[in-house]
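# Please find the sequence and the predicted model below.
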Amino acid sequence: MARLLRPLLRGTTYTRLLHLWVPMLIVSVWIFIDSATPWVPALMLVPVGLLIPGVRRGEGVQAHLLLTPGEEDSGISTAPSATWRDRFRTVLWLETRMALSVAACYATVWLPLLAVDLTGAALGRVPTNNPLLPISEPHWSYALLAPLPMIALYAVVVGLGELVTALARRLLGPSPAERIAALEERTELLLERTRIARELHDSIGHALTVAVVQAGAARAARDPEFTDRALDAIEETGRAALEDLERVLGILRESRRPVSSRPALTDADRLLESARASGAKVDADFTGPLETVPGPVSREGYRILQEALTNVLRHAGAVPVRVRVDVTGGNLGLEVRNPLTAGVPDTDGGSGLRGIRERAALLGGRAHTGPDEGDWQVHVELPLR
């Protein structure tokens, strides 16, 4: 019993009833003007729905607020009509809503009156002016029928509310083009989150690796001068990591913030100096005009170089490193090599190497990471167009 009465306690039941009543305002005004042609408002809805794209947006907003209040993903579009198919669906919705509105208004007016007349007939009063109740003689037995109109009213109100909501999702739901646009937007959001995760991994991971290596080297050297240099390197690397962290958090706060402030290959000197300060002997060779490399390629190339140097410091320590960056033709070539000092690392494991391959693939390039002639090699080729 409590389950059956639960819809009466929900606000949605009454907002849906209000949504059903709204079209009757138009009909009521027209009947006041010309009661002989009550069908004219329904006829006028056809050109309105076909010729005004914004009608679909207005109907969608009403349906979202009144039929599905509080639901973020209601399945009801709030965009204007973009195609003729959307316009025809809007017309069908307007006509269907008008018909359901007439049924709801008649039910909410006549069914309560019918219950009142049945109660009056049971008490000895003969009802008049009620076409639904042709009673000539009052009788106490009509009291048994008095609850039936209210039960019918409950069923009509709840049933029509569910029906109009289902029809709204069907007729005002997103079109195929809108579904594709929403899917593309969600894909872009997921890619952006993945990119931010890579940014944090590469930047903070690099800073922590440099700090750990420098601290270990300073402890082993027991040289005050070397310790001072190590602390300077840790400070510089930490400051750069904080700048990267603040920039990434700024992107999270402002989703439309431009990415031009991200470091690019033209800023690679600070990566090389950080690696050298950690004890690695870095031999760098940059050929070609780095400043002409497109922004997305240059920025991703910087992160790839950062992750490659981080891997060297983390797994090999202070070893000679050869860095080659070559801009020729329509490609950017980037290679980082260092001697293998222990067993061959797992070429498939680790988010860093996987991130290098994913970055290259997103730009239409390719990346090879693994042992090569006694060295560990990271070789990446990125197209410039």
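Right, received. Where do you want to start?
# For residue 333, give me phi and psi.
Dihedral pair for residue 333: phi -110, psi 140, per degrees, to the nearest 10.
# dump the residue contacts of the nearest residue to it once chain neighbours are set aside.
Excluding its sequence neighbours, the residue lying closest to residue 333 (CB to CB, 6 or more residues apart in numbering) is residue 326, at 4.2 Å. Placement of C-beta: from N, CA and C, glycine included. Neighbouring residues of residue 326 by CB atoms under 8 Å, 6 or more residues apart in numbering: 286-288, 332-334.
# What of residue 7?
Neighbouring residues of residue 7 by CB under 8 Å, 6+ apart: 13, 154, 158.
# which of the contacts of residue 326 lies closest to residue 269?
Nearest to residue 269, judged by CB to CB, of the contacts of residue 326 is residue 286 at 9.6 Å.
# Name the residues of whichever helix or strand the closest one is part of that are buried.
Using DSSP states H and E, residue 286 maps to strand 281-287. Neighbour counts over strand 281-287 (16 or more other CB atoms under 10 Å) mark 282, 284, 286 as buried.
# and the angle for the helix or strand just after that strand with strand 281-287?
Note on strand 281-287: by DSSP H and E, the next helix or strand toward the C-terminus is helix 295-315. Here helix 295-315 runs at an angle of 160 degrees relative to strand 281-287 (axes from the mean of the first three to the mean of the last three CA atoms, to 10 degrees).
# Quick one: list the elements packing against helix 295-315.
Secondary-structure packing of helix 295-315 (3 or more CB pairs under 8 Å, 6 or more residues apart in numbering; DSSP states H and E): helix 176-221, helix 269-277, strand 320-328, strand 331-339, helix 351-362, strand 375-383.
# Repeat the analysis, applying 10 Å as the threshold.
Here helix 295-315 touches helix 176-221, helix 269-277, strand 281-287, strand 320-328, strand 331-339, helix 351-362, strand 366-372, strand 375-383, going by 3 or more CB pairs under 10 Å, 6 or more residues apart in numbering; DSSP states H and E.
# after the helix-or-strand element of the chain with minimal mean pLDDT, next one along is what?
Each helix and strand of the chain was given a mean pLDDT (mean pLDDT, DSSP states H and E); the minimum falls on helix 176-221 at a mean of 71. Heading C-terminal from helix 176-221, the first helix or strand you meet, by DSSP H and E, is helix 224-253.
# Tell me how far that following helix lies from the chain's centre.
Put simply, helix 224-253 sits 33 Å off its chain's centre (CA atoms, centre = their mean, to the nearest Å).
# how close does residue 99 sit to residue 91?
From residue 99 across to residue 91, the span is 13 Å (CB to CB, to the nearest Å).
# higher neighbour count, the two?
residue 91 (20 against 12; other CB atoms under 10 Å).
# Now do the same for that one: its pLDDT.
Predicted confidence (pLDDT) for residue 91: 93.
# residues touching it, list them.
By CB atoms under 10 Å, 6 or more residues apart in numbering, the contact set of residue 91 is 45-50, 55-56, 81, 171.
# from these, which is closest to residue 374?
Looking across these and measuring by CB to CB, the closest to residue 374 is residue 81, at 66.5 Å.
# Neighbours of that closest one, how many?
Residues near residue 81, counting by other CB under 10 Å: 23.
# likewise the one 3 residues further on?
Per other CB under 10 Å, the neighbour tally for residue 84 reads 9.
# For it, which residues are in contact?
Going by CB under 10 Å, 6+ apart, the list of residues near residue 84 reads residue 50.
# Going forward, count from 26.
Okay, residue one is now 26; in that scheme the one you just asked about reads as residue 109.
# For it, what are phi and psi?
phi -70, psi -30.
# measure it to residue 81 for me?
12 Å.
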